[in-house]
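# Quick one: sequence and predicted model below, then my questions.
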Amino acid sequence: MQTTGLTKITVDDVPPNRKRGGDLRVLLSPKTCGATSGFSGVGTLEPGEFVSEHYHPYSEEFFFVIRGSILLRVDDRELVLEPGEAFMVPIGVRHRIENPGDEQAFVAFFLSPLAPRPELGHVDCEPLPGEGTLPEVGGA
């Protein structure tokens with residue numbers, strides 16, 4: 001769905017993507033609203049779930065924890081983020097997100113700038129745990 005102008009997207013408008021782990025939903029992107037500078041979405045991780053290790057060659061990634069807590073592994077270091085806390089992963093830095101707790105974690109994410117082409121924007125560093133296809137961000 002490519003649109004321009006005033007666009008409202010709800011979490012229920014986007015099907016869950018579980019290929020890289022958890023329930024990831026890209027909400028605002030070149031595909032959904034014509035974004036040109038980045039994309040954002042939300043992730044839900046049940047206890048014990050994770051998003052596999054990866055890095056972004058062109059983008060910084062910003063996380064904000066809304067509910068629960070996450071363990072962020074960044075270049076072999078660990079950082080726990082609680083509700084109301086945020087963190088930025090620099091361009092090219094490997095990271096993995098885990099839910100070590102006993103309650104569901106809900107996180108918002110934003111990546112910017114966009115890669116020159118969507119297939120160049122994400123590099124996986126470990127086997128992907130989920131079924132299905134990779135998330136579609138859209139763009140050139």
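Arrived safely. Keep in mind the model is a prediction, meaning the values are calculated, not measured. Residues are numbered from 1 along each chain as shown.
# Find the helix or strand that the spatially most central residue of the chain is a member of.
Centroid check for the chain by Cα atoms, centre = their mean gives residue 109 as the closest residue, at 5.3 Å. Using DSSP states H and E, the element containing residue 109 is strand 105-112.
# For that strand, name the packing helices and strands.
Counting contacts by 3 or more Cβ pairs under 8 Å, 6 or more residues apart in numbering; DSSP states H and E, strand 105-112 is packed against strand 39-45, strand 60-67. Yep, even glycine has a C-beta here, placed from its N, CA and C like the rest.
# Which parts of this protein are helices?
Ranges of helices in the chain, per DSSP state H, are 30-33.
# low-scoring pLDDT stretches of it, where are they?
Filtered on pLDDT under 70, the chain yields the residue ranges 1-5, 139-140.
# Just the strands from it, written as ranges.
Assigned strands in the chain, in chain order: 23-28, 39-45, 50-55, 60-67, 70-74, 77-81, 86-89, 95-98, 105-112, 123-124 (criterion: DSSP state E).
# out of those strands, nearest to residue 133?
Closest approach to residue 133 among the strands of the chain is made by strand 23-28 (12.1 Å; Cβ to Cβ).
# Which residue is the nearest non-sequential neighbour of residue 47?
Leaving aside its sequence neighbours, residue 47 sits nearest to residue 102 (Cβ to Cβ, 6 or more residues apart in numbering; 5.2 Å).
# do you know how far that neighbour is from residue 120?
38 Å (Cβ to Cβ, to the nearest Å).
# More neighbours: the two, which one.
residue 120 (12 against 8; other Cβ atoms under 10 Å).
# my read: that one touches residue 59, true?
No: checked against Cβ atoms under 8 Å, the pair residue 120 and residue 59 is beyond contact range at 10.1 Å.
# Look up how far residue 46 lies from the residue nearest to residue 47.
For residue 102, the distance to residue 46 - Cβ to Cβ - is 10 Å.
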